[in-house]
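K.L.:
When you get a sec, could you give me coordinates for this:
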Amino acid sequence: MLGPEFCTRPRGVRSRGAALTFVFASVLVAAAVTNCLPQDGEDPGTRTVSRAAPSPGAERGPVDQRELARAAAEAMADGKSGAKAAKEVVSRSGDRWGAVYDQREYEEFEQALDGRYTGVGLSARRAADGRIEVARVQGGGPAARAGLKAGDRIRTVDGRPVDGRSAAEVVALLRGDGAPPGSVVAVGVQRGTRAWTESLRRARLATEDVTVQRLADGSLRIRVAAFTKGAGQRVRDAVRGAPADAGVLLDLRGNSGGLVTEAVTVASAFLDGGLVATYDVHGREQALYAEPGGDTVRPLVALVDGGTMSAAELLAGALKDRGRAVTVGSRTFGKGSVQMPSPLPDGSVAELTVGHYRTPAGHSVDGRGITPDLVAPDRAEERARTVLSGLGGGS
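P.N.:
Sure thing, here's the model as predicted:
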């Protein structure tokens with residue numbers, strides 16, 4: 001379980017999971033990770049919690065936590081669901097990022113942010129014809145040991161046909177509803193004309209949210225899919241270990257957020273201290289700062305798109321406002337609100353909006369997003385590499 005340095009929440013409340021299908025970048029997660037920010041007297045690197053699809057309705061104002069708890073308690077006294085009553089209160093409030101999760105969902109989310117999950121070690125994608133294919137196989141995982149390969153068609157999971165389902169749904173079936181490590185899932189597979197059923201035993205696996213690739217021109221492409229625990233240090237290690245003349249292409253496309261601590265650590269890899277973002281909680285402004293000693297000379301280009309959100313926008317905004325990186329791509333999602341968890345009497349957790357964050361130049365991200373320095377809706381990576389080369393970051 002993550003310690004209090006990552007998220008402010010009352011003791012006994014375990015962290016959250018919005019039915020998260022959190023595996024690899026090629027899978028569209030059912031719910032996006034967020035950021036939970038610190039309160040007075042706490043370490044300023046922490047986590048926020050956000051989703052890719054907000055609740056309907058405009059955000060009209062904060063939810064009264066006492067009203068929420070009272071509604072849940074009254075429902076339980078009448079033999080009804082406390083979580084359902086709390087959801088109704090949140091829905092009426094118009095807090096578009098507010099949500100209520102049961103204890104199991106919250107716990108799953110914490111595990112995902114910790115870079116862990118129970119599954120078989122493959123990511124899936126949906127082909128144009130509706131078929132589900134293996135997009136990627138995690139080395140050393142159950143799927144890899146069984147010999148599954150990228151491009152294999154997944155026909156069934158535990159006997160249920162999967163054609164026409166989303167990739168996220170199929171990954172959820174592979175992981176099981178709270179299935180423990182060691183449980184078995186039967187996967188119907190087809191490769192060419194050969195079709196067979198493979199029994200895979202689920203295992204505890206680590207996510208692969210940071211990938212580092214040396215490009216042909218000598219530059220470094222660092223892809224950060226999500227800010228799970230340890231992601232920031234992996235980026236710092238990659239930057240420190242790169243040749244002095246190698247530029248960095250920091251790919252934040254599709255990054256839905258994660259632990260704010262980790263986003264600040266990535267910023268610290270490229271900044272020599274200074275402001276990363278400011279945020280307010282119940283009207284009180286606080287700040288996040290980079291650690292001193294980062295590489296401020298190496299050419300840097302950050303790739304962003306409409307799937308870049310929350311903590312990833314915080315990082316992109318800091319690098320852009322501080323003049324440290326040229327940002328390339330399309331306008332980011334625009335999720336700049338701060339949520340904090342509140343425990344409910346039945347053990348569920350309500351996550352409520354309590355404030356917003358701003359970039360070092362004071363720009364609000366919420367509802368606006370970040371417009372990159374070079375808008376490139378098409379061939380964004382190609383154009384980003386050209387920019388990086390022009391900065392002296394490649395041959």
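
K.L.:
Any regions of the stretch 201-350 of the chain where pLDDT drops low?
P.N.:
Residue ranges of the stretch 201-350 of the chain with pLDDT under 70: none are present.

K.L.:
now the strands: where do they sit in the stretch 251-395 of the chain?
P.N.:
Assigned by DSSP state E, counting those that start in this stretch, the stretch 251-395 of the chain shows strands spanning 275-281, 284-289, 300-304, 326-329, 337-343, 349-358, 374-375.

K.L.:
Quick one, which of those strands gets closest to I222.
P.N.:
strand 300-304 (10.0 Å; Cβ to Cβ). Quick note: C-beta positions are derived from backbone N, CA and C, even for glycine.

K.L.:
The closest one packs against which elements?
P.N.:
Counting contacts by 3 or more Cβ pairs under 8 Å, 6 or more residues apart in numbering; DSSP states H and E, strand 300-304 packs against strand 248-251, helix 311-321, strand 326-329, helix 380-390.

K.L.:
could you check the angle helix 311-321 makes with it?
P.N.:
140 degrees (axes from the mean of the first three to the mean of the last three Cα atoms, to 10 degrees).

K.L.:
Just the CA atoms of strand 300-304, as PDB, please.
P.N.:
Extracted C-alpha coordinates of strand 300-304, given in PDB (Å, rounded to 0.1, in the frame of the first residue of the first chain):
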ATOM      1  CA  LEU A 300      14.400  18.600 -25.300                       C
ATOM      2  CA  VAL A 301      11.200  18.300 -27.200                       C
ATOM      3  CA  ALA A 302       7.900  17.200 -25.500                       C
ATOM      4  CA  LEU A 303       5.200  15.400 -27.600                       C
ATOM      5  CA  VAL A 304       1.600  16.000 -26.400                       C
END
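
K.L.:
and that strand, which strands flank it?
P.N.:
According to DSSP bridges, strand 300-304 forms sheet pairs with strand 248-251 (parallel), strand 326-329 (parallel).

K.L.:
can you put the ones you listed in CSV and add distance to V264 and mean neighbour count?
P.N.:
As requested, these are exported to CSV (distance: least, Cβ to Cβ, whole Å; neighbours: other Cβ atoms under 10 Å):
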stretch, distance to V264, mean neighbour count
strand 248-251, 15, 25
strand 326-329, 18, 24
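
K.L.:
Select, out of these, the one closest to D114.
P.N.:
So among the strands paired with strand 300-304, strand 248-251 is nearest, using Cβ to Cβ, at 22.7 Å.

K.L.:
Quick one: the strands in the stretch 1-150 of the chain, in order.
P.N.:
Going by DSSP E, counting those that start in this stretch, the stretch 1-150 of the chain shows strands at 35-36, 47-48, 99-101, 116-119, 122-126, 132-137.

K.L.:
Give the other helices and strands that the longest one contacts.
P.N.:
Using 3+ Cβ pairs under 8 Å, 6+ apart as the contact criterion, the neighbours of strand 132-137 among helices and strands are strand 122-126, helix 142-145, strand 153-157, helix 167-175.

K.L.:
repeat that with 10 Å
P.N.:
strand 122-126, helix 142-145, strand 153-157, helix 167-175, strand 184-191 (3 or more Cβ pairs under 10 Å, 6 or more residues apart in numbering; DSSP states H and E).

K.L.:
sorry, back to before: and E67, which of the strands paired with strand 300-304 is closest to it?
P.N.:
With Cβ to Cβ as the yardstick, what comes closest out of the strands paired with strand 300-304 is strand 326-329 (41.3 Å).

K.L.:
what's that closest one in contact with?
P.N.:
Strand 326-329 has contacts (Cβ atoms under 10 Å, 6 or more residues apart in numbering) with 249-253, 299-308, 316-317, 319-320, 370-377, 380-388, 390-391.

K.L.:
can you do 7 Å?
P.N.:
By Cβ atoms under 7 Å, 6 or more residues apart in numbering, the residues outside strand 326-329 that reach it are 253, 301-305, 316, 320, 372-374, 376, 380, 383-384, 387.

K.L.:
So which of the residues you listed is the closest to S93?
P.N.:
Within the contacts of strand 326-329, distances to S93 taken as Cβ to Cβ reach their minimum at A316, with 29.6 Å.

K.L.:
From the structure, what's the count of residues near the closest residue to G119 other than its chain neighbours?
P.N.:
Leaving aside its sequence neighbours, G119 sits nearest to R175 (Cβ to Cβ, 6 or more residues apart in numbering; 4.6 Å). Residues lying near R175 (other Cβ atoms under 10 Å) number 21.

K.L.:
close enough to count as contact, R175 and S123?
P.N.:
No - using Cβ atoms under 7 Å, R175 is not in contact with S123, being 11.7 Å away.

K.L.:
returning to that earlier point: and of the strands paired with strand 300-304, who's closest to D95?
P.N.:
When these are compared by Cβ to Cβ, strand 326-329 sits nearest D95, at 29.3 Å.

K.L.:
chain center to stretch 339-351: distance?
P.N.:
The chain centre lies 20 Å from the centre of stretch 339-351; the measure is Cα atoms, centre = their mean, to the nearest Å.

K.L.:
actually stretch 357-374, not the one I typed
P.N.:
Remark: stretch 357-374 is offset 19 Å from the chain centroid, using Cα atoms, centre = their mean.

K.L.:
Now it: average pLDDT?
P.N.:
Mean per-residue pLDDT for stretch 357-374: 95.

K.L.:
ok, now stretch 143-150?
P.N.:
So the average pLDDT for stretch 143-150 ends up being 95.

K.L.:
again with stretch 160-174
P.N.:
Per-residue scores along stretch 160-174 average to 86.

K.L.:
quick one: it to chain centroid distance?
P.N.:
21 Å.

K.L.:
One more: stretch 147-156?
P.N.:
26 Å.

K.L.:
Show me which positions of it end up buried.
P.N.:
Going by neighbour count (16 or more other Cβ atoms under 10 Å), the buried part of stretch 147-156 is L148, D152, R153, I154, R155, T156.
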